[in-house]
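*Asks:* got a sequence here, can you build the structure:
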Amino acid sequence: MKKIRIGIAGTRGLSTIQGLRSIPDVEITAMCDLDEGHLKDASERIGGDVKTFRVFDDMLETDIDAVIIATPMQCHVPQAIAAMEAGKHVMSEVTAGVTMDELWWLCETTEKYRRIYMYAENYIYAPKVQLVRKLVEAGYFGETYYAEGAYLHDIRDLAVYPDGKTSWRSYWQLGKRGNFYPTHSIGPVMQWFPGDRITEISTFSPGIRNSVGLRQDSGTTTMCRTEKGNLLSIRTDCVSPRPHNMDNYLLQGTKGIFQSSQYGKGNLAGDLDRVSFTDSEEKCGGMDWEDLMKYSDLLPDRYKNATPEQRKAGHDGGDFFIVKDFIDALKEERQPELDVYKACEWTAVGLLSELSVTNGGRTMEVPNFRKNTPVGEMFTKL
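*Replies:* Next comes the predicted model:
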């Protein structure tokens with residue numbers, strides 16, 4: 001069988017190396033990065049006969065089949081479009097783009113060139129997220145109707161590079177208002193509402209309270225209404241002084257609740273991901289918490305049977321399975337579950353939140369991203 005040749009753009013893409021190496025018939029043949037020092041270190045880590053490039057378009061002229069884009073977020077759409085025009089398939093890091101227009105360009109390009117596009121939202125692949133999804137499918141929660149997702153990650157130290165130059169994050173993340181990075185919360189949460197989509201959002205914040213001159217809100221809460229009438233609360237805070245908690249989730253249904261652990265590291269480490277179901281009321285004299293992993297038999301088989309090599313890829317196998325799904329989509333010549341339309345819907349929540357929060361929480365309509373969307377539906381409505 002012909003090997004699938006992969007090119008990686010950006011040194012953050014090195015997180016996929018272990019996963020790619022664990023899949024037969026796949027090889028990394030090219031690597032691109034503007035920083036020559038990072039590029040040299042990355043090529044040594046990849047090993048083999050990997051070719052290195054400073055210019056992305058030069059890498060596209062090689063015989064690679066697909067590109068993993070792990071560059072700063074403002075580069076994602078231009079590079080994805082260039083790759084698909086060059087006949088390459090794409091897996092892109094989050095977020096999908098930085099403007100609403102870019103999202104439409106991305107959809108149109110994917111459709112025009114019939115390339116495979118996968119959104120690399122790796123938080124979806126965390127074992128606990130997958131296990132809750134299986135519990136939803138098995139009916140443990142009854143009808144799910146409310147969820148929360150919070151990405152709490154103090155990145156003020158990333159506003160400036162170690163050499164003292166201003167980081168791209170100072171502009172495209174910490175220099176913007178609104179929920180600039182929502183998909184690590186939205187992606188997992190939307191796994192628990194099958195067949196649904198987000199139709200409108202409103203974003204609120206306590207304003208800009210940081211002392212270092214950043215324009216990013218000191219935390220935002222985005223309320224999302226779905227087509228089926230469900231409600232999501234998505235919180236992002238990357239400038240407040242606090243310990244990290246980047247995967248904080250809650251799911252409420254008519255028959256039970258899931259609450260993720262609150263303290264993954266530090267002095268209070270040891271808190272559990274937990275669930276409570278109404279069918280335990282009679283046995284326990286009332287609802288009480290249980291360890292989520294008590295239901296680990298419902299984990300997808302590939303998680304239960306993951307090899308040590310696959311687990312080594314990161315996130316207890318999650319970083320392997322996201323790469324595996326991309327490679328499987330290439331081999332089977334089909335779009336993956338995390339396709340361009342999901343990428344654009346989830347990214348749009350963040351982009352529209354900028355308008356919402358600067359207009360006192362005004363409700364913004366989220367477009368219905370789908371194949372061959374009519375041009376008349378591609379405009380943001382105030």
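
*Asks:* alpha carbons only for contacts and neighbour counts from here, please
*Replies:* Fine.

*Asks:* who is Tyr119 paired with across the strands?
*Replies:* In this structure, Tyr119 bridges to Ser92 when assessed by DSSP bridges.

*Asks:* where does this structure dip in pLDDT?
*Replies:* 1, 282-285 (pLDDT under 70).

*Asks:* need the longest helix for it.
*Replies:* Residue-count comparison of every helix in the chain, with assignments taken from DSSP state H, identifies helix 340-358 as the longest.

*Asks:* who does that helix touch, helix- and strand-wise?
*Replies:* Contact analysis of helix 340-358 by 3 or more C-alpha pairs under 8 Å, 6 or more residues apart in numbering; DSSP states H and E lists helix 100-113, strand 117-119, helix 183-190, strand 198-204, strand 364-365 as its packing neighbours.

*Asks:* do that again at 7 Å, thanks
*Replies:* Contact partners of helix 340-358 among helices and strands, from 3 or more C-alpha pairs under 7 Å, 6 or more residues apart in numbering; DSSP states H and E: helix 100-113, strand 117-119, helix 183-190, strand 198-204.

*Asks:* list the contacts of the longest one.
*Replies:* When contacts are taken as C-alpha atoms under 7 Å, 6 or more residues apart in numbering, the neighbours of helix 100-113 outside the stretch itself are 77, 81, 84-85, 97, 117, 340-341, 344, 348, 351.

*Asks:* residues of that helix that come out buried?
*Replies:* Neighbour-count burial for helix 100-113, counted by 16 or more other C-alpha atoms under 10 Å, picks out 100, 102-104, 106-110.

*Asks:* where along the stretch 101-250 of the chain do the strands fall?
*Replies:* 117-119, 144-152, 198-204, 220-226, 231-237, 245-253 (DSSP state E, counting those that start in this stretch).

*Asks:* buried set for stretch 217-231?
*Replies:* Using 16+ other C-alpha under 10 Å as the burial criterion, the residues of stretch 217-231 that qualify are 217-226, 230-231.

*Asks:* hmm, back to that, deepest of the strands of the stretch 101-250 of the chain, which one?
*Replies:* Ranked by mean neighbour count, the strands of the stretch 101-250 of the chain are led by strand 117-119 with a mean of 27 (mean count of other C-alpha atoms under 10 Å).

*Asks:* what does that strand rub up against?
*Replies:* For strand 117-119, using C-alpha under 7 Å, 6+ apart, the contacting residues are 89-93, 110, 326, 335-336, 338-340, 343.

*Asks:* swap in stretch 255-269?
*Replies:* With contact meaning C-alpha under 7 Å, 6+ apart, stretch 255-269 is reached by 140-142, 248-252, 270-278.

*Asks:* ChimeraX command for the buried members of these?
*Replies:* The command below creates a ChimeraX selection of those among these that count as buried (16+ other C-alpha under 10 Å):
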select :140,141,142,248,249,250,251,252,272,273,274,275,276,277,278
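
*Asks:* most widely separated two among the buried residues of helix 100-113?
*Replies:* Spatial extent of the buried residues of helix 100-113 (C-alpha to C-alpha) is set by the pair Met100 and Thr110 at 15.9 Å.

*Asks:* mind listing the helices for this protein?
*Replies:* When assigned using DSSP H, the helices of the chain occupy the ranges 17-21, 36-46, 56-60, 76-85, 100-113, 127-137, 169-172, 183-190, 281-284, 301-304, 308-311, 318-332, 340-358.

*Asks:* and those helices: which comes nearest Ala70?
*Replies:* Distances from Ala70 to each of these were compared using C-alpha to C-alpha; the shortest belongs to helix 76-85, at 7.8 Å.

*Asks:* pull out the buried residues from the longest helix of the chain.
*Replies:* Buried positions in helix 340-358, judged by neighbour count with 16+ other C-alpha under 10 Å: 340-357.

*Asks:* what's the end-to-end length of stretch 222-238?
*Replies:* With C-alpha to C-alpha, to the nearest Å as the measure, the first residue of stretch 222-238 is 15 Å from its last.

*Asks:* and stretch 54-64, by the same measure?
*Replies:* Terminal residues of stretch 54-64 are spaced 16 Å apart (C-alpha to C-alpha).

*Asks:* how about it: buried residues?
*Replies:* By 16+ other C-alpha under 10 Å, the buried positions in stretch 54-64 come out as 56, 59-60, 64.

*Asks:* sort out which one of the residues you listed lies nearest Ser211 for me.
*Replies:* The shortest gap between Ser211 and any of the buried residues of stretch 54-64 belongs to Phe56, at 37.3 Å (C-alpha to C-alpha).

*Asks:* tell me who's in contact with the closest one.
*Replies:* Remark: with contacts taken as C-alpha under 7 Å, 6+ apart, Phe56 is in contact with Cys32.

*Asks:* likewise Arg54?
*Replies:* Listed by C-alpha under 7 Å, 6+ apart, the contact set of Arg54 reads 32-34.

*Asks:* how much space separates Ala147 from Cys238?
*Replies:* Taking C-alpha to C-alpha as the criterion, Ala147 is separated from Cys238 by 21 Å.

*Asks:* specify the beta-bridge partners of the residue lying closest to Ala150 once chain neighbours are set aside.
*Replies:* If the residues on either side of it in the chain are set aside, Ala150 comes closest to Arg235, at 4.6 Å by C-alpha to C-alpha, 6 or more residues apart in numbering. According to DSSP bridges, Ala150, Thr221 are recorded as the beta-bridge partners of Arg235.

*Asks:* list the contacts of Arg235.
*Replies:* 149-151, 220-222.

*Asks:* put together JSON lines for those residues, with distance to Glu309 on each row.
*Replies:* Rendered in JSON lines, the data for the contacts of Arg235 read as follows (distance: C-alpha to C-alpha, whole Å):
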{"residue": "Gly149", "distance to Glu309": "30"}
{"residue": "Ala150", "distance to Glu309": "30"}
{"residue": "Tyr151", "distance to Glu309": "28"}
{"residue": "Thr220", "distance to Glu309": "38"}
{"residue": "Thr221", "distance to Glu309": "38"}
{"residue": "Thr222", "distance to Glu309": "38"}
